[in-house]
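Participant: this one's sequence-less:
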C-alpha cells in the first residue's frame, strides 16, 4: 500500500470521527514529509525514522504500508467507522455550503479541503470561514476576506467549483458582522449566531428574523446553537419563536441549514418538521473544519431522509447553475 495514501486516509478518518486535530495533523504532516523525500530515503528505515515529521505511530504505518500490508492503525479505523449507513438522499447531494479552512478555525489549507471535496464527488463547495467578531476562530477582517477571494477564484475549473462565502456572525440586533458591500460579492452567505445564545426568546426571535430578512443571507446556519454531545460538552438550544423565524426564511428565500455535525443535530427533528410544514428550503451542510469532516454529510442526509424532507427542497441537491441563479436572485 502507498504510505502517503495510508497516512492521508488515517488523517481523513480521524477528522471524520472528530478526534484531536493534533492527532490528525500529525498524520497529514507525515504524509507531506514522505512525499518530499527522495526514493532512497523512503526505502531506508533508519533515515526515514529520523526524518522531521515522522513519529513512532506514523513510522509504523509507513513501514507496514511499504511491506505491502494495510497498516494496523488504518485497519482499526476502517472497522470502527465502516458501519455508517449511506442514505439514498446522500447520493443526491451535489455539494456543501458550509466549510472552514485554516484561514479561520479550520485545520488545513484551502487546497486540501478542495481535494477532499472532489474526492467525495462534490460538484461544488462553499468556503465559509468566520467573520471578524469571532476572534477565537480567527474571523476574517474585510482585508483578509478580500485576499481570500483572490485565492478562491483560482480553484474554479471544469467539473468542480469552489464558491466564495462566509459564515457571518449574527449580531445582537440581527445585523451581520461584515461590510455589506463585501457580502454582495460572495456566492454564499451563511448567517449564524455564535454569542448571546441565552438571549430572551422575544429578542432572539427579532434577531434571527432580522438576519434572514437581509437580502444578502443565503442560509441560516445551526439555528438553535445547541450541542448534544462531544468534547465541548452540551449546550441547550436557544429559545425563540421558531414559526416566526421559519416563516421569515420562507418569505425571503433563505434555506434552513440541516447541520450534519453529530454533536449539533441542529435543528432538532421537530424544528425540521416545522420548517418543512411552513415550506422552507433546506441546505444539508457539513460545517467541516477539516477534510475528513466533509464526509459528515452522511449524518445530515440520513436525518433529512428519515424525516421525509423532499430532495427537491434541499438546495445542495441542485446543480451548480440552478444553485447560483437562486442564490444571486435571493
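Facilitator: Nice, I can see it. Keep in mind it's a predicted model, so treat the numbers as computed, not measured.
Participant: got a list of what the residue nearest to residue 196 when sequence neighbours are not counted touches?
Facilitator: Using C-beta to C-beta, 6 or more residues apart in numbering and skipping residues adjacent in sequence, the residue nearest residue 196 is residue 172, 5.5 Å away. In this view, the C-beta of every residue, glycine as well, is placed from N, C-alpha and C. Contact analysis of residue 172 by C-beta atoms under 8 Å, 6 or more residues apart in numbering lists 195-196, 199, 207.
Participant: Spell out the residue ranges of the strands in the stretch 51-200 of the chain.
Facilitator: 95-96, 124-127, 161-169, 188-192 (DSSP state E, counting those that start in this stretch).
Participant: Save those as CSV, and put in distance to residue 6 and mean pLDDT too.
Facilitator: CSV is the format used below for those (distance: least, C-beta to C-beta, whole Å; pLDDT from 0 to 100):
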stretch, distance to residue 6, mean pLDDT
strand 95-96, 26, 98
strand 124-127, 25, 98
strand 161-169, 27, 98
strand 188-192, 34, 98
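Participant: Can you list the residue ranges for helices in the stretch 1-150 of the chain?
Facilitator: Secondary structure of the stretch 1-150 of the chain by DSSP state H, counting those that start in this stretch: the helices cover 3-16, 21-35, 39-42, 45-50, 56-66, 72-81, 110-119, 142-153.
Participant: could the ones you listed go into TSV alongside mean pLDDT and distance to residue 191?
Facilitator: Below are these laid out as TSV (pLDDT from 0 to 100; distance: least, C-beta to C-beta, whole Å):
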stretch	mean pLDDT	distance to residue 191
helix 3-16	95	26
helix 21-35	94	26
helix 39-42	87	48
helix 45-50	90	48
helix 56-66	95	40
helix 72-81	93	32
helix 110-119	96	21
helix 142-153	97	15
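Participant: what would the ones you listed look like in TSV with mean neighbour count?
Facilitator: Listed next are the helices of the stretch 1-150 of the chain as TSV, based on neighbours: other C-beta atoms under 10 Å:
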stretch	mean neighbour count
helix 3-16	23
helix 21-35	19
helix 39-42	12
helix 45-50	13
helix 56-66	18
helix 72-81	14
helix 110-119	19
helix 142-153	15
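Participant: Format those helices as TSV; extra columns: distance to residue 284.
Facilitator: Shown next, in TSV, are the helices of the stretch 1-150 of the chain (distance: least, C-beta to C-beta, whole Å):
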stretch	distance to residue 284
helix 3-16	16
helix 21-35	23
helix 39-42	41
helix 45-50	42
helix 56-66	33
helix 72-81	20
helix 110-119	14
helix 142-153	22
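Participant: closest one to residue 181 among these?
Facilitator: Among the helices of the stretch 1-150 of the chain, the nearest to residue 181 by C-beta to C-beta is helix 142-153 (9.1 Å).
Participant: Show me what the closest one packs onto, helices and strands only.
Facilitator: strand 161-169, helix 180-183 (3 or more C-beta pairs under 8 Å, 6 or more residues apart in numbering; DSSP states H and E).
Participant: Name the stretch from these that approaches residue 232 most closely.
Facilitator: The nearest among those, by C-beta to C-beta, is strand 161-169 at 17.1 Å.
Participant: Run the angle between that closest one and helix 142-153 for me.
Facilitator: 160 degrees (axes from the mean of the first three to the mean of the last three C-alpha atoms, to 10 degrees).
Participant: picking up where we left off before, now, which of the contacts of residue 172 lie within helices?
Facilitator: residue 207 (DSSP state H).
Participant: out of the contacts of residue 172, which is most surrounded?
Facilitator: Greatest neighbour count in those, by other C-beta atoms under 10 Å, goes to residue 207: 21 neighbours.
Participant: what's the neighbour count on the nearest residue to that one once chain neighbours are set aside?
Facilitator: With sequence-adjacent residues excluded and distances taken as C-beta to C-beta, 6+ apart, residue 207 is closest to residue 174, at 4.5 Å. Under the neighbour criterion other C-beta under 10 Å, residue 174 is assigned a count of 20.
Participant: hang on, isn't residue 174 packed against residue 206?
Facilitator: Yes: with contacts counted by C-beta atoms under 8 Å, residue 174 reaches residue 206, the gap being 6.5 Å.
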